Every structure is written in C-alpha cells, then in structure tokens.
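J.: need the 3D shape of this:
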Amino acid sequence: MNKSNRRKFIGTAAVLAAGTAASAMPLTSMENNYPIVHHVFFWLKNPDSKTDRDQLIAGVKTLAKIPTVRKVHVGIAASTEKRDVVDNSWAVSELMFFSDLEGQSTYQTHPLHLEFIKNHSHLWDKVVVYDVIEA
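T.: Numbering: from 1, shown residues only. The predicted model follows:
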C-alpha cells in the first residue's frame, strides 16, 4: 500500500470510528422523553465571590434529589467569543429536564426546592427562568 492510499485508509477508518462512537452515545434528553426543560439563570449579589458562586452551585446540585427531576446540568458562563447575541452576565445556570408538566409543578413546591430558596436566596441579586416544552 503506498503512502497516499495508506493516508486515505487511515482517514476513512478514523471517520468511521468517530461515526460509530457517536452513534453509541446516549440519546438526547428529548429522545429520553424529557420534553419539559426548566432553565434558570442566577446573577450573584457579589459577582466576584467564588465562595458565593460555589455555595450556590452546591445548593443547586441538591435539587437533583427531587424525584421528578430527570436530569440536571449546572454550569457557569463560558468564556466564548464576545458577540452582541451572547449574554454571559449571569454567574450560575441550572438546566433541568422533566417528563411532564406535572413533574415540573411538583418540583416547584417540593420541600427540597423550598429549602434551597430559603438557604440560598441571599446569594442572588436576580433570577431569570425559561420554561420550555418540546414543539
């Protein structure tokens, strides 16, 4: 096999391997029948305080224990390209998935959620919530 053909073979094999790996990845949240998305953005009262940010992150992660919460992703603003359409002024993001509206409603009044608000609301200055249902 000459060098050109060997390179083509290796390149093709790499593409096929990547495709196989991608097809073996877990299904997306929508495909897992979690059509309700609850996305919350928190702005800290003390935006430069890593301690406050870490305390809020730890508190948000406790919400995963609520039975109707199917999946939780907690994050901080990424240092991506600065563009007019990107808002990275917030400090902590909470992204949750629910199977149905009833589950999301149960979450809102669950004692762990109410405890989280009681114990952590002193950390934030502003909260914005986006609730989404699959179209």
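J.: ok so Ile57 is a helix residue?
T.: Yes: judged by DSSP: H, G, I helix; E, B strand; the rest coil, Ile57 forms part of a helix.
J.: what residues are up against it?
T.: The contact partners of Ile57, by CB atoms under 8 Å, 6 or more residues apart in numbering, come to 74, 76, 92. Every C-beta, even on glycine, is put in place using the N, C-alpha and C of the backbone.
J.: just give the closest residue to Lys45, not the sequence neighbours.
T.: Asp125 (4.5 Å; CB to CB, 6 or more residues apart in numbering).
J.: show me the strands in this protein, by range?
T.: With strands called from DSSP state E, the chain shows them at 36-44, 71-75, 92-98, 124-133.
J.: just checking: what are the partner strands of the first one?
T.: So that's strand 36-44. Strand 36-44 pairs in its sheet with strand 92-98 (antiparallel), strand 124-133 (antiparallel), by DSSP bridges.
J.: which residues are contacting that strand?
T.: Residues outside strand 36-44 that contact it (CB under 8 Å, 6+ apart): 29, 52-53, 56, 89-101, 103-104, 107, 123-134.
J.: now a ChimeraX select for only the buried ones of those.
T.: Entered in ChimeraX, the line below selects the buried ones among the contacts of strand 36-44, by 16 or more other CB atoms under 10 Å:
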select :29,52,53,56,90,91,92,93,94,95,96,97,98,103,104,107,123,124
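J.: could the strands paired with strand 36-44 be laid out in TSV, adding distance to His113?
T.: Listed next are the strands paired with strand 36-44 as TSV, based on distance: least, CB to CB, whole Å:
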stretch	distance to His113
strand 92-98	10
strand 124-133	12
